[in-house]
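**Q** Have a look at this fold, sequence not included:
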């Protein structure tokens, strides 16, 4: 005779709770200590700001790369960065992007509380609004002047990395925009992830932008976001003009503050809580 095992409702609830806590424990064990991961479902559709993080503390004059994960099966054609619900800059893409990263620079020019958001335009005429991130900007921290200790000069020849990288390459140090020219004023071609490497094929005289070979084409990367391996003396100079359209208030504009960058609270009124 077949025997059926009946589980009482109270036992069922206990087993369900045990299973729930086991799932949480396994998920926690898979996350490295001290690191906060952002879980994004796949396939992803829409826009989600991943940097800066909610309630992050920034300083006046910081060069902030606002990075967002984006996705749309119909393709995305442009991104607009909003600061306190006012458009700061719009970046059209050279071609539509179905899935990837987009980074838009912002330089806070006065202390206060700021709300950041991105609006993505789809090729079909629709829009995706990202999550809203609140950040706190304080006065720039004064750097202490340290007198360097005298160092004895050595006539040793500098170590060369030509053998390690016979062809000069650039590797991204963080999320980075690859643009159609040397400067943020040029169209965005692709958003790159940290650790991607590409051959160097061009540069400008200032050394602030480098041209890389990517797939069947090329694009430009900002020098602060890459590391370079190999001898770059043979990399050809480009005659393209550097164009930068990062918007920041100038000191003389303090008498007439820009309404698009007005803090949501008056710093002189005292501290606030998030």
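**A** In hand now; what should we look at? Please read these numbers as outputs of a predicted model, since none were measured by experiment. Numbering: from 1, shown residues only.

**Q** What pLDDT is listed against the residue nearest to residue 207 when sequence neighbours are not counted?
**A** Using Cβ to Cβ, 6 or more residues apart in numbering and skipping the chain neighbours, the partner closest in space to residue 207 is residue 223 (6.1 Å). Bear in mind the C-beta positions are built from the backbone N, C-alpha and C, glycine included. Reading off the confidence values, residue 223 has pLDDT 90.

**Q** And for residue 111?
**A** So, for residue 111, pLDDT stands at 92.

**Q** and if you look at residue 170?
**A** At residue 170, pLDDT is 93.

**Q** do the same with residue 3
**A** pLDDT, read off for residue 3, is 45.

**Q** Equivalent analysis for the one 3 residues further on, please.
**A** As summarised for this prediction, residue 6 has a pLDDT of 43.

**Q** Also residue 12?
**A** pLDDT, residue 12: 41.

**Q** again, but for residue 46
**A** pLDDT at residue 46 comes out at 83.

**Q** Would you map out the domains in this protein?
**A** Split into domains by automatic domain parsing, the chain comes to 46-138, 169-229.

**Q** In CSV: these, plus distance to residue 241 and mean neighbour count.
**A** Supplementary listing: the domains of the chain in CSV, determined by distance: least, Cβ to Cβ, whole Å; neighbours: other Cβ atoms under 10 Å:
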stretch, distance to residue 241, mean neighbour count
domain 46-138, 18, 17
domain 169-229, 8, 18
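
**Q** Could you export those as CSV, including distance to residue 238?
**A** CSV is the format used below for these (distance: least, Cβ to Cβ, whole Å):
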stretch, distance to residue 238
domain 46-138, 18
domain 169-229, 5
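
**Q** Identify the residues contacting the residue nearest to residue 207.
**A** 207, 208, 209, 210 (Cβ atoms under 8 Å, 6 or more residues apart in numbering).

**Q** ok, now residue 140?
**A** 59, 60, 61.

**Q** Once you drop chain neighbours, what's closest to the second one?
**A** Translated: residue 60. Nearest one to residue 60, counting by Cβ to Cβ, 6+ apart, is residue 140 at 4.8 Å.

**Q** State the three-state secondary structure for the one you found.
**A** Of the three states, residue 140 takes coil under DSSP: H, G, I helix; E, B strand; the rest coil.

**Q** so residue 117 touches residue 133, yeah?
**A** Yes. Counting by Cβ atoms under 8 Å, residue 117 does reach residue 133; the two are 7.3 Å apart.

**Q** Now for these two: what residues contact both?
**A** residue 49.

**Q** tell me the SS of residue 224?
**A** Per three-state DSSP, residue 224 ends up helix.

**Q** quick one: contacts for it?
**A** 63, 208.

**Q** now residue 129
**A** Taking Cβ under 8 Å, 6+ apart as the test, what residue 129 contacts is 47, 117, 118, 119, 120.

**Q** Report the beta-bridge partner residues of it.
**A** residue 119 (DSSP bridges).

**Q** if we can go back for a sec, out of the contacts of residue 129, what pair is the most spread apart?
**A** Pairwise distances across the contacts of residue 129 peak at 10.6 Å for 117 and 120 (criterion: Cβ to Cβ).

**Q** Find the residues that touch each one of the two.
**A** 129, 130.

**Q** For residue 44, give its distance to residue 130.
**A** 12 Å (Cβ to Cβ, to the nearest Å).

**Q** what's near enough to touch the closest residue to residue 84 other than its chain neighbours?
**A** Leaving out its chain neighbours, the residue that sits closest to residue 84 by Cβ to Cβ, 6+ apart is residue 115, at 5.5 Å. By Cβ under 8 Å, 6+ apart, the contact set of residue 115 is 82, 83, 84, 85, 132, 133, 134, 264.
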